[in-house]
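Participant: Predicted model and sequence below, questions to follow.
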Amino acid sequence: MSVYRPKNSPYYQFDFQWQGERFHGSTKRTKQRDAEKVEAAQRQKVKRTSADAKASPPQDAAARRSEKAGAGRHDSLLMCPGQVLRTPKYAAARLACSLQTLLAYVRAGTIKYVQVGVGAKRPRRMFTDADLDDFVVARTRREYPCQSASSRGPKSFGKHLDLKEIVSKALRDKARNARLKQSSALSGKP
């Protein structure tokens with residue numbers, strides 16, 4: 001049995017591992033024999049839930065992390081049949097971001113939420129799976145390569161001119177500008 005009493009506490013603690021996961025906590029008992037019974041009950045509970053998990057369909061990694069972090073706390077609320085409200089902690093784990101980032105998305109209005117309760121100063125926000133999925137779809141991006149950095153050849157600007165054509169065009173433009181200047185001087189217009 002792995003029951004011990006820390007120096008600074010009157011209560012015994014339990015600590016054990018099951019299938020690579022550590023389980024620990026307070027037994028809320030001051031007698032060692034009672035604490036060992038609580039620890040045995042915790043072991044049975046862990047074994048039972050792991051057997052149930054093998055029989056149930058697989059979950060996504062975020063839901064497992066949230067369940068492990070919550071350890072039996074209320075991570076969801078049943079809103080109506082088929083619609084479940086999730087806590088911010090669960091939503092953050094599912095979106096792989098921190099609670100602060102999730103709340104920043106809420107304040108920016110990029111993710112929808114359901115306000116539970118009537119508090120105005122500190123509203124209690126819950127999230128539906130559909131809203132989380134909509135947020136992921138809305139934030140999905142595809143990177144397009146920069147057109148200027150692509151490996152295509154140099155851009156062409158229509159007809160390629162050789163040096164003779166460029167010089168002759170410049171001479172024609174110069175002669176035309178001189179004629180226009182001369183005609184405007186004869187007519188008296190500046």
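Facilitator: Cool, got the structure. Model, not experiment: these values are computed from the prediction.

Participant: how is this protein carved up into domains?
Facilitator: 1-56, 60-139 (automatic domain parsing).

Participant: Give the bridge partners for the spatially closest residue to Y113 that is not a sequence neighbour, please.
Facilitator: Closest residue to Y113 apart from its sequence neighbours, by Cβ to Cβ, 6 or more residues apart in numbering: R125 at 4.3 Å. C-beta coordinates here come from the backbone N, C-alpha and C atoms, glycine included. Beta-bridge pairing of R125 under DSSP bridges involves Q115.

Participant: mind showing which ranges of the chain have poor pLDDT?
Facilitator: 1, 52-82, 147-161, 188-190 (pLDDT under 70).

Participant: In CSV: the domains of the chain, plus distance to C146.
Facilitator: CSV is the format used below for these (distance: least, Cβ to Cβ, whole Å):
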stretch, distance to C146
domain 1-56, 46
domain 60-139, 22
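
Participant: nearest to R172, of these?
Facilitator: In terms of Cβ to Cβ, the element of those nearest to R172 is domain 60-139, at 57.8 Å.

Participant: The residue nearest to Y113 - how many residues pack around it?
Facilitator: 19 (other Cβ atoms under 10 Å).

Participant: List the contacts of it.
Facilitator: Residues in contact with R125 (Cβ atoms under 8 Å, 6 or more residues apart in numbering) are P88, V106, Y113, V114, Q115, V116.
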